[in-house]
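**Student:** sequence first, predicted coordinates after that:
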Amino acid sequence: MIAWRLDRHGVVRAALLLAAGVAAMLGPVLGDPYTVYLLTQAFIYAALAVSLDLVWGHAGILDLGHAVWFGAGALAVGVMTTTVGRDGMVVAVHGGPGTYVAAILLGMAASAAAAAVVGAYCFSWRGSTRFYVAIVTLAVSVVCEALYLEQRWTGGDNGLFGFQLRQLDRTAWYYSCLALLGATLGLGVVLTRSDFGLLMRAIRDNEARARHLGFRVDPLKVAILAGGAALAALAGGVYGAAVGLVSSPLFGFLFSTQIVVWVAIGGRGTLLGPVLGAIALELASSSLDRSFPDQWQLLVGLAFVAVVVFIPDGLLPPLGRLLERLALGGRDHGRERRLVPGRAAEEIQGRGSVVAALSEVTFAYGALQVLRGVSMEVRRSELLCLIGPNGAGKSTLMTLVGDGTMRYGGTIRFDLEGVRDHRGCAVDRLARQGVIRKFQTPSLFESLTVAETLLLARHRGRLPSPWRRTRAIEVPAAVVELCRLTGLDRHLNVRASALPHGLQQALELAATVAAWPDLLLLDEPTAGLTAQERRVVGDVLRRLSRHQGRTIVLIEHDLDFVDELADRVVVLQDGAVLADGSAEEIKRSERVRQSYLGVSTPP
Amino acid sequence: MLVLVVLGLGIVLGLMDVINLAQSGFMAVGVYAALTAVRHGVEFWVAVLIGTAASALLGAIAELVVIRRLYARPLDTLLATWGISLVVVDGIIIVFGHGPQAFNEPFVVGVPLLGVLYPAYRLVLVAAAVLAIATLAAIVRFTPWGLVARMVMANAPLSRSLGINVVRVRQVTFVIGSALAGFAGAVLGPIQGIDPYYATSLVAPAFLAVLLGGRSLPGLVLASIVLAVATTVFSRYFNPVYATAVTVGVAVVLLRLFPQGLTRWRA
Amino acid sequence: MRLEVSDLSAGYGTSLVVSELGLTVEPGEVVAVIGRNGMGKTTFLRALLGLLPRRTGRVLIDGHDVSAEPTHRLVRRGIAYAPQEAGLFGALTVEENLRGGLLAGPREAAAWHEVLEPFPQLKGRLRQPAGTLSGGEQRMLLLARALVARPRLLVLDEVCDGLHPPVVAKVVEILREQRERRGVSVLIVEPNLQAVLGLADRVLLMKRGRFLLERSPSAPGAREDLEHELVFT
């Protein structure tokens, strides 16, 4: 369930929110009509800022054309409630409250659909980068603003005007917009505090890793962008109904930039920051607009640049931390979670049968031939070590096995439940079927804690709940044991970026194991570890293989480690298999010895 | 005409991995500085030089205060440079107001070309653009400075280990890029309408041209030619606004087909 | 050039890959560092040159403390570095890569053509992009570029990796000649023990970021000691 832990932090936060809520409710009573009107607009903008924060601050998608979705929402209301005369000016306004509601919903649907198209276009190709979506959305915004002026049905130059819903008076609109903000903010809070929120931040922090844990990242990003667009259109529709105006600047890059400024200055990724940023900046600009409009804009622009360069997280987080330190002290229990061992895994059938077969695999990196015909088998539940000199192709081979979309020669076949033929299977598909690779250098989600990382890993690509916030995370017993042995269990609620290197490696391993793979690919799991740590890792791996039947392939340079653990050893040199046998056989092989001493051996 | 803008943008983007959206700001500074000089009785081409110098100065300041800190954060560079160009726009509004300014061509002479009287100034501009590209290409290709710049672009740590002061190189290329933008802005002034938002609408197409051109100078030229031709062609059949929209659409699609730029054929 | 390193530690993120390393290279001396992969040899060289921030440690060149100097200035004192990976500009031609090496030293054209003498394969390919050369030819180019600036200290990271024995012998000969004719000091990281034994005055074995063993190849039993440590533990 959504758990609200009431400790000191929680109580103070709740009290602050309550005070703010009460003050807001008393607005119309306390304030003059003009301020009330300003606040009404500010609430709408704040809701819009929340929608961008969800898309950009939380999921890392820089939508530089966010105003388009807002404008579309307002336009939907305008189009459905006005009639445009022959000269392009608004002639009549019609429609009851029902029409407005329908128009708002229509606007949301249209925006979401359009955003989905843009998103699908931007995210679904291999070379896509973060710049691409930023530039494309910026271009969309510029183009929409220009196109708006050319159409008659949009009102062209003049836009559409005068279609505000007159049944509601100023005070009613105030409360309606406050409700809009409350609802949007509430939705945002539930979503970002849920398990799904973790996934959003994971995609922002390290998209590649999320893919390697089995998540379908591209469709998710499209969905998030579309959802954000729908929320923006909702705000736009309410704007249309309240103010009764829509024109081309509402779609343009200046307004889009303004939304980005609110979120950046307020604090991206904090939800509350953008709300406060939007309200504060809007109020300030209205009051200063009368006296120093241009100077104010300049000041805001400079503040924006300064924030981006020097305080990239925005103003809210440091202020929040300062407040917390002054008022409270003590630890934040809001993020605490713990691990719970899950039921024991079923015994694996078919120990010793072939789980992966590579045949004459070749691979070239540009003009460089890295793999020249590798043929080997991996047998179920064995622990296979891949060794060989630098440049032999070990890492490349492992990367290749984990990613069927790379171009290679030869064949790779699996004997796993969901996948037989390796070719063409994307990284996330292979991961969902149980082929999981651990990276050589720790590649983690910076802002997620140890426990949160394990939670995501455990899902192995299944969608996490968008409202539930799991506190007791069920993981395989082996993972609990691994955390205990490595000392990770004392750092469950520490962010990954704050861990020392040895624990980061341990977390890498724990996350890979938590996904409970059928075929575990480990690239130098002991790199940079102390002797003690290496022993622990060795224990865990041996148990995983012997008692729990996982198949493990690992790349190692430490021959002692290999000697103790390996069921089988494959030696790779110059992109081909030099020797293949038990650890004993390899140790006694003269060819291997020569290879390590640097005498090149005949192929 | 896009070419000159693209050049400036291109140098910085291509050579430094910096996504520089501030170029429009530098163009505006160039033209407004030149305009002010002309209004004070300075001769046109000297005014253009003044505009170029003003942009270069601004570029140096921007590099020192902002860009240098953001090399490791490309998306933030995009935002910060966008912010800089908007700050420039705001500054111009404060000094010059919102309205358009008139900037007269230095000589209004028609040159008969293919049976049509073609304004001489535009021809001069075309010639200047060609000259600028050629000079730049020559510098980059044949001089030691060009080699150093290309090395820093390809691999900064390796360049450092060969004794190159990477920080200094980046600073200089950025300043040159902003100077070029200022020059382009000043020189295009008499042809375009000048208002505070002078170059901001050029940013998206110029950007796309740069991405489409990949990291090579010939690619950049090719891409901007392609886009300029597309715009002209579409303008003939459609409304100019639609033409821009279509051109942008074409650029976006082309970029998807050639993610490394037009000159590398492998997608 | 006399190079002294003391108490060098460095690593990535919060971990230490190499710690408390110290060595000295006298003018005209060849010092080799051997050890299996992943033991920190490349990290050591990079930290030495400042390409990787040093956690602790001092570097002295000819008695001057240069620990605080940025890499590009350090290198201009007469060091030429041939890295293990990404050592060439693939898109630039052979000639341009060579010219790139000249920036750190005297710009004498004569030096350049003289340097190409021992590398006939490169002579005919000056206009080819470096990325299209074979692995072996690229190593040759790396070495040529390192020599072009007439360095006083050569820092080489696995320059013999993947080369056929006759080519390795050629490299060894070139290095020996540099040492004899110009008194160049050499600090070479090389897993190929055979090559190293024929060239080095002293050999240090690195294991898990520390120097475990130091031997002179000419000393009795040195070779067996080194082989043993290298292969079996």
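**Tutor:** Ah, there it is.

**Student:** so in chain C, where's the weakest helix or strand by average pLDDT?
**Tutor:** Within chain C, confidence by mean pLDDT, DSSP states H and E is lowest for helix C:109-116 among all helices and strands, at a mean of 66.

**Student:** for residue 26, the count of nearby residues, please.
**Tutor:** Since no chain was named, I'll use chain A. The number of residues packed near residue A:26 is 10, by other CB atoms under 10 Å in any protein chain shown. No exception for glycine: its C-beta is placed from N, CA and C like everyone else's.

**Student:** not what I meant, chain B
**Tutor:** Other residues within reach of residue B:26, judged by other CB under 10 Å, total 35.

**Student:** pLDDT at it, what is it?
**Tutor:** Predicted confidence (pLDDT) for residue B:26: 85.

**Student:** how about it: what's its closest non-neighbour residue?
**Tutor:** In this structure, residue B:26 finds its nearest non-sequential neighbour in residue B:181, 3.8 Å apart by CB to CB, 6 or more residues apart in numbering or on different chains.

**Student:** give the next helix or strand downstream of the least confident helix or strand of chain C.
**Tutor:** From helix C:109-116 onward toward the C-terminus, using DSSP states H and E, the following helix or strand is helix C:120-123.

**Student:** so what secondary structure elements neighbour the helix or strand just after that next one?
**Tutor:** Per DSSP H and E, helix C:120-123 leads on to helix C:135-148 as the next helix or strand towards the C-terminus. When contacts are defined as 3 or more CB pairs under 8 Å, 6 or more residues apart in numbering or on different chains; DSSP states H and E, helix C:135-148 sits against strand C:79-82, helix C:94-101, helix C:109-116, helix C:120-123, strand C:153-157, helix C:165-182.

**Student:** to chain A, which of these lies closest?
**Tutor:** Taking CB to the nearest CB, helix C:165-182 is the member of the helices and strands packed on helix C:135-148 nearest to chain A, at 6.4 Å.

**Student:** of the helices and strands packed on helix C:135-148, which is nearest residue A:256?
**Tutor:** If you check each of the helices and strands packed on helix C:135-148 against residue A:256 by CB to CB, helix C:94-101 wins as the nearest, at 43.2 Å.

**Student:** so does the closest one get close to chain B?
**Tutor:** Yes. Under the criterion of CB under 8 Å from any CB of the partner chain, chain B is reached by helix C:94-101 at C:96, C:99, C:100, C:101.

**Student:** show me what that helix is packed up against.
**Tutor:** Helix C:94-101 makes packing contacts with helix B:144-154, helix C:109-116, helix C:135-148 when contacts are defined by 3+ CB pairs under 8 Å, 6+ apart.

**Student:** of those, flag the one that's most buried.
**Tutor:** Here the criterion is mean neighbour count by mean count of other CB atoms under 10 Å in any protein chain shown, and of those the winner is helix C:135-148, at a mean of 22.

**Student:** hang on, the earlier thing: out of the helices and strands packed on helix C:94-101, which gets nearest to residue C:24?
**Tutor:** Each of the helices and strands packed on helix C:94-101 was checked against residue C:24 via CB to CB, and the shortest separation belongs to helix C:135-148, namely 21.1 Å.

**Student:** any idea how many residues pack against residue A:191?
**Tutor:** When neighbours are counted by other CB under 10 Å, residue A:191 registers 18.
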